[in-house]
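Chemist: I'd like to go over a predicted model; first the sequence, then the structure.
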Amino acid sequence: MKKKKGLKTAGIVLGIMIAAGALVFGPGLSAAGNKTGEETETGESPVFSVKTESAERRTLRAFLEVNGDIVSGQEADVFPDVPGKLIRVNAALGSPVRRGDVIAEVDPSRPGASYMNSPVYAPLSGTVSRTPLSVGSTVDTGTSIAAISAINNLEITARIPEREIAGLKPGLKAEVTVQAYPGERFSATVSRVSPVLDSASRSKLITLTFDRNDSRINAGMFGRIKINTRTYDNVLTVPAEAVVNKGGEITVYVLRNAMTDLPRTEKRGVEAGVTLNGRTEIRSGLDAGEAVVVQGQQLLSGGEAVRVIDGGGK
C-alpha cells in the first residue's frame, strides 16, 4: 500500500510540473525574449502587427498664432482752421472723399462782426470713418470734426510675447482669418517690427500689410494671424512617432522586403533634425519611399517578422 501511495504522489507532482511548463511556454510566448505576438505557421517566432508610413519629402513650416486688430494704414482727424459754428457738412459716415475736398464749412462770425465762411478740407483721400459733428456745433481749431481713413491701405497690428520674438523680421508671410468669413484666409506680410520691447506687457508690436485689397476686410475687425517664422524646403520627413530615442540613440524601424507577406524589420540609426507639425526631419540614414514603423515599434528590437495592418509598408 505504501508503494502505491508513493507512486500516486509522484504522479501528482509530475502533473503539476507539466501544467506549469505549459503556462511558461504556451502559444504566443517566447522563452528567450518573452515577446507576445502571432506565431508563424512553423511556430518558430512571433509575428507582430504594425502600422507603417513611407518617408517622404515635404516642406516644413514653423509658425506662431496671435490675435490682432485690423486698422487703417493712414487715418487723419479733420480740424477747422478757425473757431466758429459748424454750418455745413458735406460728407457722411462712409463717404469716399479726395484730398482737398471741402467736407464742411465753419462760420467764424461773432456778434457785431461778420466774416466769410471758412472751408474745412480733407487732408487725405479715403473714407469718412467717424461720424462728423452735427451742423450747429461750436468748434475751435482743436476740435476734430471727422476722421478720414485710407481703407485701401489696411494693416493688422498684433503684440508678440517676448518668448516668441526670435526670428521676427519684416518680410515674413502670414495668413489672416476673420470671424465674419470663417474658412477664408487673407494673405499678409510683416511690414514693421518694433525695435523695442514693451516693459509692461513684455511684448513687441508688429504690423502686417495685406497682400491685396479686399472689400470684405474692414478697419475695426478682429483677426487671427498665423505667421510662418521658419521654412525648411524639400526635406525628408517621417511621422514624429516613428522616431525612437533611447539613451540618446535615435533610430527608426524600417521594413525589409516590404512587399512580401511577412516582411522583417531593420533597426536603423538616423540623424534627426527639426520636428514640426507632427513630422520629423531625417537628415541621414534613410531614403525617400522607405517604409518605417509608426505604431507597434515598442515591441521591436530589429529582425522581427511583421504583418502590416495599415500604412505604406505594403
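Modeler: Here it is on my side, so go on.
Chemist: From now on I want contacts and neighbour counts done on CA atoms only, so please keep to that.
Modeler: Noted.
Chemist: my read: Leu168 touches Val193, true?
Modeler: Yes: if you go by Cα atoms under 8 Å, Leu168 and Val193 touch, sitting 7.4 Å apart.
Chemist: Find me the pLDDT at Thr59, would you?
Modeler: pLDDT, Thr59: 92.
Chemist: Just say helix, strand or coil for the most centrally placed residue in the chain.
Modeler: A centroid search over the chain (Cα atoms, centre = their mean) returns Phe63, at 5.3 Å, as the residue closest to the centre. Assigned by DSSP: H, G, I helix; E, B strand; the rest coil, the conformation of Phe63 is strand.
Chemist: The nearest residue to it once chain neighbours are set aside sits in which helix or strand?
Modeler: In space, and not counting its chain neighbours, Phe63 is closest to Asn228: 4.3 Å by Cα to Cα, 6 or more residues apart in numbering. According to DSSP states H and E, Asn228 maps onto strand 222-239.
Chemist: Show me what that strand is packed against.
Modeler: Contact here means 3 or more Cα pairs under 8 Å, 6 or more residues apart in numbering; DSSP states H and E; on that basis strand 222-239 packs against strand 46-54, strand 56-72, strand 173-178, strand 279-284.
Chemist: Go again with 7 Å.
Modeler: Packing partners of strand 222-239 (3 or more Cα pairs under 7 Å, 6 or more residues apart in numbering; DSSP states H and E): strand 56-72, strand 173-178, strand 279-284.
Chemist: right, so of these, which gets closest to Ala147?
Modeler: Smallest distance to Ala147 across the helices and strands packed on strand 222-239 (Cα to Cα): 11.3 Å, for strand 56-72.
Chemist: buried set for the closest one?
Modeler: For strand 56-72, the neighbour count (16 or more other Cα atoms under 10 Å) marks 56-57, 60, 63, 67-72 as buried.
Chemist: How about stretch 209-227?
Modeler: 209-210, 217, 219, 222-227.
Chemist: and if you look at stretch 180-189?
Modeler: Under 16+ other Cα under 10 Å, the buried positions of stretch 180-189 are 186-189.
Chemist: about what we covered before: using pLDDT, spot the least trustworthy of the buried residues of stretch 209-227.
Modeler: Of all these, Ala219 carries the smallest pLDDT score, 85.
Chemist: For that one, which non-adjacent residue is spatially closest?
Modeler: Val71 (4.6 Å).
Chemist: residue contacts, the one you found?
Modeler: Residues counted as contacts of Val71 (Cα atoms under 7 Å, 6 or more residues apart in numbering) are 154-156, 219-220.
Chemist: Please convert the buried residues of stretch 209-227 to a markdown table, extending it with distance to Gly100.
Modeler: Listed next are the buried residues of stretch 209-227 as a markdown table, based on distance: Cα to Cα, whole Å:
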| residue | distance to Gly100 |
| --- | --- |
| Thr209 | 26 |
| Phe210 | 27 |
| Ile217 | 26 |
| Ala219 | 23 |
| Phe222 | 32 |
| Gly223 | 33 |
| Arg224 | 36 |
| Ile225 | 36 |
| Lys226 | 39 |
| Ile227 | 39 |
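Chemist: And those residues, which two are furthest apart?
Modeler: Largest separation among the buried residues of stretch 209-227 by Cα to Cα: Ala219 and Ile227, giving 20.2 Å.
Chemist: Ile206 versus Arg159, what's the distance?
Modeler: Applying Cα to Cα, to the nearest Å, the value for Arg159 to Ile206 is 6 Å.
Chemist: Could you do Ile227 as well?
Modeler: For Ile227, the distance to Ile206 - Cα to Cα - is 11 Å.
Chemist: now Gly171
Modeler: 12 Å.
Chemist: and those two? which has more neighbours close in?
Modeler: Higher neighbour count among Gly171 and Ile206: Ile206, with 20 against 13, using other Cα atoms under 10 Å.
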